[in-house]
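> This is a predicted model, with the sequence first.
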Amino acid sequence: MNWISLLLFVPLVGAIAVAASPKDKPDLGKEIALVASLATFVLSLLMAFQFDSGSDQAFQLVEDRAWIAQFGVRYKVGVDGIALAMVLLTTFLTPVVLLASWRQEERVRSYFALFLVLETAMVGVFCALDLFLFYVFFEAMLVPMYFLIGVWGGERRVYAAVKFFLYTLFAGLLMLVSILGLYFMSRKQAGAIGAAAQGTFDYEKLLGLTMSAGTAKVLFLGFFIAFAVKVPLFPFHTWLPDAHTEAPTGGSVILAAVMLKIGTFGFLRYAIPLFPSAARYFATTMMVLGVIGILYGSLVAMVQKDVKRLVAYTSVAHLGFIVLGIFAFTTQSGSGGVLYMVNHGLSTGALFLIIGFLYERRHTRLIEDYGGIQSVAPVLAGSFLIAGLSSLALPGLNGFVSEFLVLVGTFSRHRALGIVATFGIVLAALYILIAYQRTMTGPVTVVANRDMADLSLREKVVIAPVLLMIVVLGVYPRPVLDLVRPPVDRMLERVHVGDPAPALAEEVGADTDAEIGADE
């Protein structure tokens, strides 16, 4: 069965059905969208059961057929452990977001259809094994998110949408130049060995290209800028707070939980394996930028008056940890970085959902307009606390294991950067606990808050599975770690060719894995 094609086209067919539903029956469009997203999630689970995490194959469930044959473009899709983890996160959160948006009343059919189109594009990005196909999905994501922000966003929605679109589009064009560079290099090398002088966009074939160190650095930078903007890595982050603040709740959740991870996924899948020598050359710079992002994002988050903008800046800090883990080039830090991608999606997604619930009740995001909420809406406040503690990496919740692995893995080879990054843990505790204290604890000082309703049944159904996964992955993260470690190790094998340091990294990583298993 073509599992990945089903994952790509079920939400797309659902989007068409939603758009074609009667305009005078908006609830029908919502129901179609929810059913399509749930069907996609079930298909992703069934696909996961077909995946063998112990296989020696780099990619599984591969589908490969000609698309634009005259230019060597193929419809080639497949998954490794990292891609599968991100696909499951995407398909899990999409129905959550749609159910959270159930009270949407403006242009309902378009709103729900765009989310399904966005789901197809995001799954396509994670599964593409042809660089041209990857680029198509990468840029296709911009369109639905642009409209979600620009039509259903806040007061400055047009500014935020245009800024988001232009930043990502320009960065993507630089990546396209690098992709074309790889294509022409492959055509030249194919002609040199007597084969038909046709290039290829096939990712697995491009891994075998030979190039000079200078060429690798130039092409790496094209991918680097595209993914750094998408992360966003400091100093390419300036579009993010505006996009998050102005986006509707569902848009903020998907943007933080999935779309930002496409940048870090791009480093893992493309930038590092295709250009290992350049990745080694720029690794220290990348880690330094990651550490700056951790400290900068944390400090700026602490002074925010808008609770949604506060959470937006926390993403800059958390993604800094992920970038640090990836470019420390140890099994520990790399596996921790990928686990962090999943865990950040859950914790920050939960925070944006809860902020959306607050906004629906009070139509304000200013921290000073709240206070004492836990006395009138204890379930809402408790949900905020669990998500916040997850975000600050409290032991027992999902954020702890990933942050621990990143820091210990980094410390084993880059002690100074590991020590500086550790201050981010202290700052995270400050901005999360201060935000919780000012919004949820103390007396109810604002009259409008005294009659605030607690979470409804629908809202409990929305937030409960996310909080459950936060606890489950905090207690037992091994399934995800077992899934992502083989592709992380394959990436490190390409990076560490001729480098004696991996022996230390592997030894430390194995010891820590044993300790985690003993703790469990």
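Happy to help now that I have it.

> all contacts plus neighbour counts: C-alpha atoms, from now on.
Noted.

> Let's verify the residue lying closest to F92 once chain neighbours are set aside: helix, strand, or coil?
In this structure, F92 finds its nearest non-sequential neighbour in F41, 5.9 Å apart by C-alpha to C-alpha, 6 or more residues apart in numbering. When classified by DSSP: H, G, I helix; E, B strand; the rest coil, F41 comes out as helix.

> And for E106, the neighbour number?
Using other C-alpha atoms under 10 Å, E106 has 11 other residues around it.

> Excluding chain neighbours, give the residue nearest to it in space.
W152 (7.9 Å).

> try Y370
With sequence-adjacent residues excluded and distances taken as C-alpha to C-alpha, 6+ apart, Y370 is closest to T439, at 4.9 Å.

> Give me the buried stretch members for the longest helix anywhere in the chain, please.
The longest helix of the chain (DSSP state H) is helix 157-192. Within helix 157-192, the residues that count as buried by 16 or more other C-alpha atoms under 10 Å are 157-165, 167-169, 171-176, 178-180, 182-190.

> Following the chain past it, name the next helix or strand.
Next helix or strand after helix 157-192 toward the C-terminus (DSSP states H and E): helix 203-206.

> what's near enough to touch A161?
By C-alpha atoms under 8 Å, 6 or more residues apart in numbering, A161 lies in contact with 146-147, 149-150, 243.

> picking up where we left off before, how close does the residue nearest to E106 get to F112?
12 Å (C-alpha to C-alpha, to the nearest Å).

> who has more neighbours, the two?
Set W152 next to F112 and count neighbours by other C-alpha under 10 Å: F112 wins out with 27 against 19.

> still on that earlier bit, give the buried subset of the contacts of A161 as a ChimeraX selection command.
Applying 16+ other C-alpha under 10 Å to those, the buried members can be selected in ChimeraX as follows:
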select :146,147,149,150,243
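
> May I ask which two of the contacts of A161 are separated the most?
The distance between the two most remote of the contacts of A161 (C-alpha to C-alpha) is 11.7 Å, for F147 and A243.

> List the buried residues of stretch 365-375.
Those buried within stretch 365-375 under the rule 16+ other C-alpha under 10 Å are 365, 367, 369-375.

> Out of those residues, name the ones that lie in helices.
Per DSSP H, the buried residues of stretch 365-375 map to helices at 373-375.

> would you list these in CSV and tack on distance to G78 and pLDDT?
CSV is the format used below for those (distance: C-alpha to C-alpha, whole Å; pLDDT from 0 to 100):
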residue, distance to G78, pLDDT
I373, 47, 91
Q374, 46, 91
S375, 50, 89
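
> Return the mean pLDDT over the host helix or strand of G334, rounded to an integer.
G334 is part of helix 331-362, with elements assigned from DSSP H and E. Per-residue pLDDT over helix 331-362 has a mean of 93.

> Run a quick neighbour tally on A66.
A66, neighbours per other C-alpha under 10 Å, totals 11.

> For the closest residue to it other than its chain neighbours, give its distance to D369.
Computed as C-alpha to C-alpha, 6+ apart, the closest residue to A66 that is not its neighbour in sequence is R74, at 4.6 Å. To D369, R74 is 54 Å away according to C-alpha to C-alpha.

> how many neighbours does V379 have?
16.

> Next: L7.
Using other C-alpha under 10 Å, the number of residues around L7 comes to 24.

> The one 5 residues further on too?
For L12, the tally of surrounding residues (other C-alpha under 10 Å) stands at 23.

> Tell me the gap between the helix or strand that contains it and the middle of its chain.
The secondary structure element spanning L12 is helix 3-20 (assigned by DSSP H and E). Chain-centre distance of helix 3-20: 22 Å, with C-alpha atoms, centre = their mean, to the nearest Å.

> name the helices or strands packed onto it?
Packing partners of helix 3-20 (3 or more C-alpha pairs under 8 Å, 6 or more residues apart in numbering; DSSP states H and E): helix 26-50, strand 60-68, helix 108-127.

> can you tell me which residues contact F59?
Residues near F59 by C-alpha under 8 Å, 6+ apart: 78-80.

> Sort out for me which of those are in strands.
Counting by DSSP state E, those place 78-79 in strands.

> still on that earlier bit, show me the contacts for the residue nearest to F92.
When contacts are counted by C-alpha under 8 Å, 6+ apart, F41 touches 88, 91-92.

> want to try CSV for those residues, with pLDDT, distance to L233 and secondary structure as columns?
Shown next, in CSV, are these (pLDDT from 0 to 100; distance: C-alpha to C-alpha, whole Å; DSSP: H, G, I helix; E, B strand; the rest coil):
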residue, pLDDT, distance to L233, secondary structure
L88, 96, 24, helix
T91, 96, 25, helix
F92, 96, 26, helix
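
> how near is the closest residue to T249 other than its chain neighbours to F234?
Counting by C-alpha to C-alpha, 6+ apart, T249 lies nearest to G356, which is 5.4 Å off, once chain neighbours are set aside. Distance, G356 to F234, using C-alpha to C-alpha: 27 Å.

> Pick out whichever of the contacts of F59 sits closest to L45.
Closest approach to L45 among the contacts of F59 (C-alpha to C-alpha): V79, at 13.4 Å.

> ok, what's across the strand from the closest one?
Beta-bridge pairing for V79 (DSSP bridges): Q60.

> my guess is it meets V123, correct?
No: if you go by C-alpha atoms under 8 Å, V79 and V123 don't touch, sitting 10.4 Å apart.

> Please tabulate the ones in helices among the buried residues of stretch 365-375 in TSV, including the columns distance to A279.
TSV is the format used below for those (distance: C-alpha to C-alpha, whole Å):
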residue	distance to A279
I373	48
Q374	48
S375	52
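
> what is the mean pLDDT for stretch 149-165?
Taken as a whole, stretch 149-165 has an average pLDDT of 90.

> pLDDT weak spots in this protein?
The model of the chain has pLDDT under 70 over residues 191-197, 497-520.

> Highest average neighbour count across the helices and strands packed on helix 3-20: which stretch is it?
Among the helices and strands packed on helix 3-20, helix 108-127 has the highest mean neighbour count (mean count of other C-alpha atoms under 10 Å), at a mean of 25.

> elements contacting it?
helix 3-20, helix 26-50, strand 73-79, helix 81-100, helix 131-140, helix 142-152, helix 261-266.

> Ok, which of those comes nearest G388?
Here helix 81-100 is closest among the helices and strands packed on helix 108-127 (C-alpha to C-alpha), at 18.2 Å.

> Next, the angle strand 60-68 makes with the closest one.
Angle of helix 81-100 versus strand 60-68, following axes from the mean of the first three to the mean of the last three C-alpha atoms, to 10 degrees, is 80 degrees.

> Going forward, the N-terminal residue is numbered 24.
Sure, I'll start numbering at 24, so the last one becomes helix 104-123.

> residues making contact with helix 104-123?
Contact with helix 104-123 is made by 53, 56-57, 60-61, 63-64, 67-68, 71, 76, 135, 138, 142, 145-146, 149-150, 273, 276-277, 281, 361, 365, 368, 376, 481-482, 485-486, 503, 506-510, as judged by C-alpha under 8 Å, 6+ apart.

> How far off centre is stretch 328-339?
Distance, stretch centre to chain centre, for stretch 328-339: 16 Å (C-alpha atoms, centre = their mean).
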